[in-house]
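Asker: Have a look; sequence and predicted model below, questions after that.
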Amino acid sequence: MPFPFPEDRPLISPDGKYVLLLANVDIIPPSWLDYTDPKMQKWTRWKTGPGQYAMLRHYIVLDTKTAEARVLLDAPVNLNGGASSEAVWMPDSQSVVITNTYLPLTGVSGEERESRLAAAFVAEVRVPSGEFSKISSEELKLATTNDGGDELCFEKGRDKSGDREGTDFASKSVRRLGRGCRRKRTSPSDQTLSSKRV
């Protein structure tokens with residue numbers, strides 16, 4: 001099993017049933033060669049030997065009861081944008097929100113496939129099924145969550161320095177409005193927040 005970088009701490013689900021890891025890939029799926037970003041084009045073609053791992057990473061979910069590990073999403077995280085990806089469990093432990101990730105290419109065509117080839121997304125992925133819904137195609141970096149975990153705050157742009165003074169934020173409500181439906185809203189008390197329905 002590929003191991004995560006030291007700075008990528010494992011994320012335990014609130015109910016303790018799962019552990020989420022951002023891990024290096026040992027075998028690159030053929031479909032990943034189609035992503036169009038120049039860095040992706042380079043590293044999907046990198047040859048690895050026995051016992052070696054590629055530069056590309058993806059999320060793995062470990063079942064704490066059975067010790068079974070499975071791929072969360074059949075897609076790599078983006079290599080651009082500072083720290084490559086962030087993740088947070090939803091309070092019910094039924095899904096996880098991840099940033100700066102590509103989406104799977106299997107079974108999609110036309111405009112949807114073209115959009116997935118060219119850009120990374122923020123997405124919510126259900127566990128353990130792997131079903132996912134898009135939250136945004138913007139370059140967002142997870143900044144904070146509220147105490148209840150039902151609202152996430154993202155920094156716009158992924159190349160921010162540690163100084164957040166004057167940073168533009170996007171607030172994202174993850175309260176369920178229906179299957180796969182999410183709403184981004186503006187806080188009336190903070191004019192730096194943007195509103196967008198996704």
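Answerer: Thanks, I have it.
Asker: alpha carbons only for contacts and neighbour counts from here, please
Answerer: OK.
Asker: Mind listing what's buried along the longest helix belonging to the chain?
Answerer: With DSSP state H setting the assignment, residue counts place helix 110-118 as the longest helix in the chain. Applying a neighbour-count criterion of 16 or more other C-alpha atoms under 10 Å, one finds R113, R116, L117 buried in helix 110-118.
Asker: Now the last one: closest residue in space that isn't a chain neighbour?
Answerer: Pointing back at L117 there. Across the structure, with C-alpha to C-alpha, 6 or more residues apart in numbering as the measure, the residue nearest L117 apart from its sequence neighbours is Y35 (4.6 Å).
Asker: and if you look at N24?
Answerer: The shortest distance from N24 to any residue that is not its chain neighbour, by C-alpha to C-alpha, 6+ apart, is 4.2 Å, and that residue is R57.
Asker: State the number of residues packed around that neighbour.
Answerer: For R57, the count of nearby residues is 26 (other C-alpha atoms under 10 Å).
Asker: And L62, by the same measure?
Answerer: By the other C-alpha under 10 Å criterion, the neighbourhood of L62 contains 20 residues.
Asker: Partner strands of the strand or helix carrying it and their direction?
Answerer: Assigned by DSSP states H and E, L62 belongs to strand 57-63. Under the criterion DSSP bridges, strand 57-63 sits next to strand 18-24 (antiparallel), strand 69-71 (antiparallel) in its sheet.
Asker: residues making contact with that strand?
Answerer: For strand 57-63, the external contacting residues (C-alpha atoms under 8 Å, 6 or more residues apart in numbering) are 17-25, 68-77.
Asker: Spell out the residue ranges of the helices in the protein.
Answerer: With DSSP H, the ranges of helices along the chain come out as 38-43, 110-118.
Asker: what sits opposite the most centrally placed residue in the chain in the beta ladder?
Answerer: Residue closest to the mean C-alpha point of the chain, counted by C-alpha atoms, centre = their mean, is I98 at 2.5 Å. For I98, the beta-bridge partners under DSSP bridges are A87, A123.
Asker: Would you check that the residue nearest to L117 makes contact with Q41?
Answerer: Yes: taking C-alpha atoms under 8 Å as the definition, Y35 is a contact partner of Q41 at 6.7 Å.
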